[in-house]
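Participant: Build me a model from this:
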Amino acid sequence: MRILILGGTGFLGPHLVDQALAKGWEVTTFNRGKTDPARLAGDKYKAVRQLKGDRDPKKGDGLKSLEELVAQMKKDGARFDAVIDNSSYFPRVTKASADLLGPVTLMYQLVSTISVWMDNSVAPDESTPVATIEDPTVEQITGLTYGPLKALCEKAAEAACGAKACIVRPGLIVGPGDDSCRFTYWPVRIAKGGKVLAPRAPKPAEEHVQFIDVRDLAAFQLKLIEDGHAGTYIANGPEGVLTMEEMLAGIKAAVSNPVEFVWIDEAWLMEQQVQPWMGLPLWIPVMPETAGAGRANVSKAFAHGLKCRPLAETARDTLADFEATKAERPADFAWGEKGKPGITAAREAELLKMWAERAN
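Facilitator: Sure, this is the predicted structure:
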């Protein structure tokens, strides 16, 4: 197999490169060389053809190195088995790449997001209508524009590549290399032991969570290429139901010192201005407007080969990666500060004390 990865040195890219090389595939990457440029260095990656440029044709040399490659491929009658587009955020930029590469690839696989659905009141499947945006030319990523712009990127790829387009919509991507640290908060906090603040819904069994290990996502993407499956897939896990309580218990079993979860009513947490999702990662309060959260229908992806490793493995490896990369983080890194997820140790202690006093 011959593949081209647009990206390659960020979170998902290296896992795709490593797994593709392990299969004996021929790998080319295209990126700016700015995100962890040393990630694909060394003897292991000598076989990887690494092209430099910018996805945006208006910046620097833009797609020049890709244009030269495509011209040579057309001359030689060569094709990629797949282009993997990991880094599409604006439809104009996606269109430029898809228009250029569509004629020389058998599949154009675009990594989108489950956030193409902005309505969390409905549990989506692949046929659920995506969000729209009033101005499709806007090129500023916010909480309101990210999902709709990704949906437009999907449409740009489909318009350029037709039946060759493969759209992969992951949920929260977690695991080794995740610098967003959202899922990471829980293994790190639980491993410290002691009393751990945990959110409890009025009906805990209804508080579902979903996420996907980056290594499982990469393996699924490559399997779709191997099997020649285009179309659209929600890449999220697990295959069955996972509640917040089950997730935290699973992490505790894998990584913790002695831990006591203090389950606090989510309504009270919201009264105390604790932020869902980022304040306590993966927590989405159970209410009518979030009735579909954590409930995306993933049956199509699992039917086409998606497999999710055990939660304990993801938790252990995430914690190990966090500990191994301490030197790479700012000296003032702290949970719950400067845009980092979670709550500070002081705030957690304060909330636990307030909750205990309230109970008395």
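Participant: next one: phi and psi at Ile5?
Facilitator: phi -110, psi 120 (degrees, to the nearest 10).
Participant: count of neighbours near it?
Facilitator: A count of neighbours around Ile5, defined by other C-beta atoms under 10 Å, yields 27. Heads up, the C-betas are built off the backbone N, CA and C, glycines and all.
Participant: can you pull the contacts of it?
Facilitator: By C-beta atoms under 8 Å, 6 or more residues apart in numbering, the contact set of Ile5 is 13, 16-17, 27-30, 83-84, 86.
Participant: now the residues you listed as a markdown table including neighbour count?
Facilitator: As requested, these are arranged in a markdown table below (neighbours: other C-beta atoms under 10 Å):
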| residue | neighbour count |
| --- | --- |
| Gly13 | 26 |
| Leu16 | 26 |
| Val17 | 26 |
| Val27 | 24 |
| Thr28 | 18 |
| Thr29 | 25 |
| Phe30 | 26 |
| Val83 | 29 |
| Ile84 | 32 |
| Asn86 | 20 |
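Participant: Please tell me I have it right and Cys166 contacts Ser112.
Facilitator: No. Cys166 lies out of contact with Ser112 (C-beta atoms under 8 Å); the separation is 10.3 Å.
Participant: Pick out whichever of the two has more residues nearby.
Facilitator: Just comparing Cys166 and Ser112: by other C-beta under 10 Å the higher neighbour count belongs to Cys166, 26 against 23.
Participant: Which of the helices or strands spans the more buried one?
Facilitator: Cys166 is part of strand 165-170, with elements assigned from DSSP states H and E.
Participant: I'd like to know which elements the helix or strand following that strand is packed against.
Facilitator: Per DSSP H and E, the first helix or strand lying C-terminal to strand 165-170 is strand 173-174. Helices and strands touching strand 173-174, by 3 or more C-beta pairs under 8 Å, 6 or more residues apart in numbering; DSSP states H and E, are strand 212-213, helix 214-227.
Participant: Could you measure from Cys206 over to Ala249?
Facilitator: No, residue 206 isn't Cys; it's Glu. Using C-beta to C-beta, to the nearest Å, Glu206 is found at 17 Å from Ala249.
Participant: Same check on Ser88?
Facilitator: In terms of C-beta to C-beta, Ser88 sits 37 Å off from Ala249.
Participant: Neighbour count: these two, which is higher?
Facilitator: Taking other C-beta under 10 Å, Ser88 and Ala249 do not tie; Ser88 has more neighbours (24 against 16).
Participant: residues contacting the more buried one?
Facilitator: Contacts of Ser88 by C-beta under 8 Å, 6+ apart are 6, 55, 94, 97, 110-112, 150, 153, 156-157.
Participant: again with Trp25
Facilitator: Counted by C-beta under 8 Å, 6+ apart, Trp25 has contacts 1-3.
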